[in-house]
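S.K.: what follows is a predicted structure for the sequence shown.
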Amino acid sequence: MSRPVVLGVDIGGSHITAALVNLENGALIEGSIKRSAVDSKKDKATILDAWCDVINSVFETSAQQEKHIGIAMPGPFDYENGISLIKEQDKFNALYLVNIKEELANRLGIHLTDINFVNDAAAFMQGEVFSGAAKGYNNVLGLTLGTGLGSALSINGQASDAELWNSSFKNGIAEDYLSTRWFVGRYQELSGLTLDGVKELAAIVETDDYAKQVFEEFGVSLAQFLIPIIHKNKVEVVILGGNIAQAIEHFCQSLSEELQVNQLTIPFKLSELNEHASLIGAASNWNLVAHKTENITNEH
């Protein structure tokens, strides 16, 4: 049931990216990656046709006859049956309750069983476990720190969306304190000035005491939030992605110190695959599907 080459797809609110993935080494096949902007506010046909144009353009880069697709898709979504449950999110409203799997199979001329969906946060984590920074670890927590808080857990090689963004934390939820808007709001509170985001704060941290304080406070908050999650899930390593993670040098000391105060030592690693993680994770999910099928067959 080996599928050495699978098409990985990453679908976001404003784009689609796709590439062929070699499952033997967990790498993208050179020259196969395609990306296109997609207006998620358009009608059903426009969105689906745009997706299929990119998918077909990737398949055209290979002479491979078998076409298997793994798609990383934001939720809420019925991943098993391929039905979109996204509504009132200012994106994909035209796809609400549409069977995306059937629509794509018909447009692409392939079988329903050739398409497999996975949550986008889980796909990111699965990619890092398969061939990235988390390879070789059993229990892994992945965080995407940016405009929002994405999270996923991989337990014994099986990744799933951890949905930590709305967890109760301090005087609100986790995303209130662990996203770009907290950085902007806290810096404005301290300095009276407004900056666009974390990149701008990182640029002045060496000369601005308020910016330095903001990063230090963030490191402490991140540690406090993660400590019970790490203990509960016996996490061995934390993988960080997203724009905020690129500024880790400015909050790693306060993060580490807060962990040590709580008698916890654990490695934090930056994503190695970055934007390719979801592509590789979505494609590598075919390996899990194959293993499950083989196990069922063997049991009978």
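M.R.: Right, received. Where do you want to start?

S.K.: in contact with the closest residue to residue 271 other than its chain neighbours, which residues?
M.R.: Once flanking residues are discounted, residue 271 sits nearest to residue 241: 3.9 Å by C-beta to C-beta, 6 or more residues apart in numbering. From N, CA and C alone the C-beta is placed, and that goes for glycine too. Listed by C-beta atoms under 8 Å, 6 or more residues apart in numbering, the contact set of residue 241 reads 124, 142, 143, 144, 145, 150, 270, 271, 274, 277.

S.K.: what sits against residue 44?
M.R.: By C-beta under 8 Å, 6+ apart, the contact list for residue 44 reads 94, 95, 98, 103.

S.K.: what about the second one, how many residues nearby?
M.R.: What it means is residue 95. Residues near residue 95, counting by other C-beta atoms under 10 Å, number 21.

S.K.: sorry, back to before: out of the contacts of residue 44, which is nearest to residue 62?
M.R.: residue 103 (23.2 Å; C-beta to C-beta).

S.K.: lowest-pLDDT helix or strand in the chain?
M.R.: Every helix and strand of the chain was ranked by mean pLDDT, DSSP states H and E. The lowest is helix 277-299, at a mean of 66.

S.K.: okay, helices next: where are they in this protein?
M.R.: Assigned by DSSP state H, the chain shows helices spanning 44-59, 100-108, 120-131, 174-177, 180-191, 198-204, 209-233, 252-261, 277-299.

S.K.: quick one: residue 10 and residue 16 touch, right?
M.R.: Yes. If you go by C-beta atoms under 8 Å, residue 10 and residue 16 touch, sitting 7.2 Å apart.

S.K.: neighbour count for these two, which is higher?
M.R.: Using other C-beta under 10 Å, the more surrounded residue of residue 10 and residue 16 is residue 10, with 27 against 22.

S.K.: now do the contacts for the more buried one.
M.R.: Taking C-beta under 8 Å, 6+ apart, we find residue 10 in contact with 16, 17, 18, 72, 120, 123, 275, 278, 279, 282.

S.K.: from those, which is closest to residue 202?
M.R.: Nearest member of the contacts of residue 10 to residue 202, counting by C-beta to C-beta, is residue 275, at 19.9 Å.

S.K.: quick check: chain neighbours aside, which residue is closest to that closest one?
M.R.: Residue 275 sits nearest to residue 17 (C-beta to C-beta, 6+ apart), 7.2 Å away.

S.K.: hey, what's the one you found bridged with?
M.R.: Beta-bridge pairing of residue 17 under DSSP bridges involves residue 10, residue 35.

S.K.: since we're on it, how many residues are nearby?
M.R.: Residue 17 has 20 neighbours, counted by other C-beta under 10 Å.

S.K.: again, but for the one 3 residues further on
M.R.: Per other C-beta under 10 Å, the neighbour tally for residue 20 reads 23.

S.K.: so it sits right up against residue 5, yeah?
M.R.: Yes. Between residue 20 and residue 5 there is a contact at 5.6 Å, judged by C-beta under 8 Å.

S.K.: okay, now the unreliable bits of the stretch 201-300 of the chain?
M.R.: In the predicted model, the stretch 201-300 of the chain carries pLDDT under 70 at residues 287-300.

S.K.: state the phi and psi torsions of residue 80.
M.R.: Residue 80 adopts backbone torsions of phi -70, psi -40, taken as degrees, to the nearest 10.

S.K.: residues contacting the residue nearest to residue 275?
M.R.: Contacts for residue 17 were tallied using C-beta under 8 Å, 6+ apart; they are 9, 10, 33, 34, 35, 54, 275, 279.

S.K.: nearest to residue 210 among the contacts of residue 241?
M.R.: For those, the nearest to residue 210 is residue 145 (20.2 Å; C-beta to C-beta).

S.K.: roughly how far does the residue lying closest to the closest one once chain neighbours are set aside sit from residue 258?
M.R.: Spatial nearest neighbour of residue 145, excluding adjacent residues (C-beta to C-beta, 6+ apart): residue 244 at 3.6 Å. The gap separating residue 244 from residue 258 is 17 Å, by C-beta to C-beta, to the nearest Å.

S.K.: cool, and residue 208?
M.R.: Here residue 208 is placed at a distance of 22 Å from residue 258 (C-beta to C-beta).

S.K.: for residue 228, same thing?
M.R.: For residue 228, the distance to residue 258 equals 13 Å [C-beta to C-beta].

S.K.: which one of the two has more residues nearby?
M.R.: Between residue 228 and residue 258, counting by other C-beta under 10 Å, residue 258 is the more crowded of the two (19 against 11).

S.K.: okay, the more buried one and residue 252: tell me how far apart.
M.R.: Going from residue 258 to residue 252 by C-beta to C-beta gives 11 Å.

S.K.: find residues that contact each of these two.
M.R.: Listed contacts common to residue 258 and residue 252 are residue 219; contacts here mean C-beta under 8 Å, 6+ apart.
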